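Asks: Structural data only, the sequence is not supplied:
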């Protein structure tokens, strides 16, 4: 374990923790611009989190210990996920402990605890949100796994850094299989992060909300952690997307500190582009009814499997 | 993939997009969009033919590309659009299976087609032999489109798309055969005849199930016109 590897790991973690709310703020700002509204500051998510940390927590009388612990577990799961995903360099000490499938499991753990905590209080909204979240999750997970399998097949490993390194060093070419899986991944990203075709992140309308419904009972530091975790989740998904589909410019350990330094502005550039793209998708699409969500996610699964089949047949 | 020439990569991309388009057709309920997708399929076929002609230097493929452009990209979609306007059928009725179910069946069909085409691709010596599986898949998916639809117009679109799949299969399996041009023309004429046949079939169906003057008299037979959406089923 060389010092540069540890440095990369620490830098990645700090960047994920610090930049996740900024990424969310950037998406919100882009959305506001596209919708001809006056944009909120990109720093707004930070202010929200700081404000919440300074408040006193109120917890429902019927809450069990699970309700109190869940925010920490969800947040920790997201931090560990951020540590596993190669966003700046591929030589990360922690990634030896978990491969891409474990990463999906980690995300599932966070989802399960979030849903359990939402049902713990026993309010109707929490249960409703939890049930919808689980429905979306169980449909999105196979699609996400399929996406990862295609990348794994191409590089013959399930270790995320190895996949990224392999894809980054391949010659440029047209890969229909990767194009299909990229579409599938984008759809999964939108569904899993409560973005617009499935859920509207900025609404508290009872009948439509999924993610917000689960957080209704949380306040103060618990809510802050949950919101930070949600921002981290979005950041993580974006980084998985970069690692699988646009891995160029990532430091593979040979270049030393210079390559690591060079990868930071590149990551920032990718995030800026991805945020603008997400805002664009959210602006041009309408929110689907909850009962149409399975169709949306079945389409994502279809794209991923098509990518797999096309790769097997054409070798492309 | 590394080291594959760019034109072959583009051909592979065309093949993959054709497969994707077949699924889009399978999912589409609006007949107008279905016809547009058929036209896009024609365009992809045209691009694939041109690429292949350029790659192999087979001049007769340019002729079949011209045929594709004239017939499949321009004439047939135009005819179908006119037919839809005349018949006032814009939506297909609910397919026999729901969309997600159809998609899953479609995936199984693709797996079956790929398995089926494996020995054929092993025998073929063309550069595009790996696309044979996709051609077979397109044919079977179009067949599935025909099976799951009730309206005659969407069935015709399914049939035409099946013909496109056949054409693509012939192209990727044996581009050396000059027979293909004749084969394509013959089949296309058949298709054109079929389109007109369906047209007459529709008219006859209108006459059978409804009043003879129903199409001309718009005002008098209001109550019967409400039956129109459900009468495409038989």
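Replies: Received the coordinates, thanks. Predicted model only: the values in this text are computed from it and were never measured.

Asks: The residue of chain B found nearest chain A: helix or strand, and which one exactly?
Replies: Using CB to the nearest CB, the point where chain B gets nearest to chain A is residue B:16, with a distance of 3.4 Å. All C-beta spots, glycine's among them, are computed from the backbone N, C-alpha and C. Secondary structure from DSSP states H and E places residue B:16 in helix B:6-27.

Asks: which helices and strands sit right next to that helix?
Replies: Identification of packing neighbours for helix B:6-27 by 3 or more CB pairs under 8 Å, 6 or more residues apart in numbering or on different chains; DSSP states H and E yields helix A:176-192, helix A:293-314, helix B:31-56, helix B:99-123, helix B:132-148, helix B:152-173.

Asks: Please point out which parts of stretch A:86-95 sit buried.
Replies: By neighbour count with 16 or more other CB atoms under 10 Å in any protein chain shown, stretch A:86-95 contains the buried residues A:86, A:87, A:88, A:89, A:90, A:91, A:92, A:95.

Asks: ditto for stretch A:200-216
Replies: Of the residues in stretch A:200-216, those buried under the neighbour-count criterion (16+ other CB under 10 Å) are A:200, A:201, A:208, A:209, A:210, A:211, A:212, A:213, A:214, A:215, A:216.

Asks: Just the ones in strands from these, please.
Replies: Judged by DSSP state E, the buried residues of stretch A:200-216 include no members of strands.

Asks: Take the buried residues of stretch A:86-95 and write them to JSON lines, including distance to chain B.
Replies: As requested, those are exported to JSON lines (distance: CB to the nearest CB, whole Å):
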{"residue": "A:86", "distance to chain B": "22"}
{"residue": "A:87", "distance to chain B": "26"}
{"residue": "A:88", "distance to chain B": "26"}
{"residue": "A:89", "distance to chain B": "24"}
{"residue": "A:90", "distance to chain B": "20"}
{"residue": "A:91", "distance to chain B": "24"}
{"residue": "A:92", "distance to chain B": "26"}
{"residue": "A:95", "distance to chain B": "26"}
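
Asks: what bits of the stretch 201-316 of chain A have low per-residue confidence?
Replies: With pLDDT under 70 as the threshold, the stretch 201-316 of chain A has low-confidence stretches at A:204-206, A:253, A:255, A:316.

Asks: give me that answer again for 90
Replies: Counting by pLDDT under 90, the ranges of the stretch 201-316 of chain A that qualify are A:201-223, A:227, A:242-271, A:278-279, A:281-299, A:302-303, A:305-316.

Asks: can you tell me which residues contact the residue of it at minimum distance from chain B?
Replies: Distance from chain B to each residue of the stretch 201-316 of chain A (CB to the nearest CB) is smallest for residue A:298, at 4.3 Å. Residues near residue A:298 by CB atoms under 8 Å, 6 or more residues apart in numbering or on different chains: A:139, B:99, B:100, B:103, B:104.

Asks: how many neighbours does residue 44 have?
Replies: All of this refers to chain A. By the measure other CB atoms under 10 Å in any protein chain shown, the count of residues near residue A:44 is 15.

Asks: The intended chain is chain B.
Replies: 22.

Asks: if I read this right, it contacts residue B:21, doesn't it?
Replies: Yes - with contact defined as CB atoms under 8 Å, residue B:44 and residue B:21 form a contacting pair (6.8 Å).

Asks: Can you pull the residues that touch both of those two?
Replies: Residues within reach of residue B:44 and of residue B:21 at once, by CB under 8 Å, 6+ apart: there are none.

Asks: Now do the contacts for residue A:29.
Replies: A:39, A:40, A:41, A:42.

Asks: May I see the ChimeraX selection of the buried members of the contacts of residue A:298?
Replies: Burial among the contacts of residue A:298 is assessed by 16+ other CB under 10 Å; the matching ChimeraX selection reads:
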select /A:139 /B:99,100,103
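
Asks: residue contacts, residue A:27?
Replies: Contacts were defined as CB under 8 Å, 6+ apart; by that measure residue A:27 touches A:234, A:275, A:278, A:279, A:282.

Asks: do that again at 10 Å, thanks
Replies: A:42, A:45, A:193, A:195, A:201, A:231, A:234, A:238, A:271, A:274-279, A:282 (CB atoms under 10 Å, 6 or more residues apart in numbering or on different chains).

Asks: And the residue of the stretch 151-300 of chain A that's closest to chain B?
Replies: Of all residues in the stretch 151-300 of chain A, the one sitting closest to chain B is residue A:176 (3.4 Å; CB to the nearest CB).

Asks: Where does residue A:13 sit: helix, strand or coil?
Replies: Classification of residue A:13 using DSSP: H, G, I helix; E, B strand; the rest coil returns helix.

Asks: how many neighbours does it have?
Replies: Taking other CB under 10 Å as the neighbour definition, residue A:13 ends up with a count of 17.

Asks: list the contacts for it?
Replies: Counting by CB under 10 Å, 6+ apart, residue A:13 touches A:79, A:80, A:82, A:83, A:87, A:92, A:94.

Asks: For it, give me the pLDDT.
Replies: As predicted, residue A:13 sits at a pLDDT of 87.

Asks: and what of residue B:188?
Replies: The predicted local distance difference test score for residue B:188 is 69.

Asks: How about the secondary structure of the residue lying farthest from the centre of chain A?
Replies: Farthest-out residue of chain A from its mean C-alpha position, per CA atoms, centre = their mean: residue A:61, at 32.5 Å. Using three-state DSSP, the three-state assignment for residue A:61 comes out as coil.

Asks: Can you give me the distance of it to chain B?
Replies: 43 Å (CB to the nearest CB, to the nearest Å).

Asks: How much space separates that residue from residue A:223?
Replies: Residue A:61 sits 18 Å away from residue A:223 when distances are taken as CB to CB, to the nearest Å.

Asks: Mind telling me which of the helices and strands packed on helix B:6-27 the model trusts least?
Replies: Looking at the helices and strands packed on helix B:6-27, the lowest mean pLDDT belongs to helix B:152-173 (a mean of 81).

Asks: one step back: can you tell me how far the residue of the stretch 151-300 of chain A closest to chain B is from residue A:291?
Replies: Distance from residue A:176 to residue A:291, by CB to CB: 32 Å.

Asks: Give me the more crowded residue out of those two.
Replies: Between residue A:176 and residue A:291, counted using other CB under 10 Å, residue A:176 has the larger neighbour count: 22 against 8.

Asks: Correct me if wrong, but residue A:163 is in a strand.
Replies: No - under three-state DSSP, residue A:163 falls outside any strand and is assigned helix.

Asks: Now for it: which residues touch it?
Replies: When contacts are counted by CB under 10 Å, 6+ apart, residue A:163 touches A:86, A:90, A:99-100, A:148, A:151-157, A:243-244, A:247.

Asks: re the thing from before, now the two most distant members of the contacts of residue A:298.
Replies: A:139 and B:99 (14.0 Å; CB to CB).

Asks: Give the intersection of the neighbour lists for those two.
Replies: With contacts taken as CB under 10 Å, 6+ apart, the residues that reach both residue A:139 and residue B:99 are A:294, A:295, A:298.

Asks: and residue B:201, what pLDDT?
Replies: 62.

Asks: residues contacting the nearest residue to the residue of the stretch 151-300 of chain A closest to chain B once chain neighbours are set aside?
Replies: Closest residue to residue A:176 in three dimensions, ignoring its sequence neighbours and counting by CB to CB, 6 or more residues apart in numbering or on different chains: residue B:16, at 3.4 Å. Counting by CB under 10 Å, 6+ apart, residue B:16 makes contact with A:174-177, A:179-180, A:306-307, A:309-311, A:313-314, A:316, B:44, B:131, B:134.
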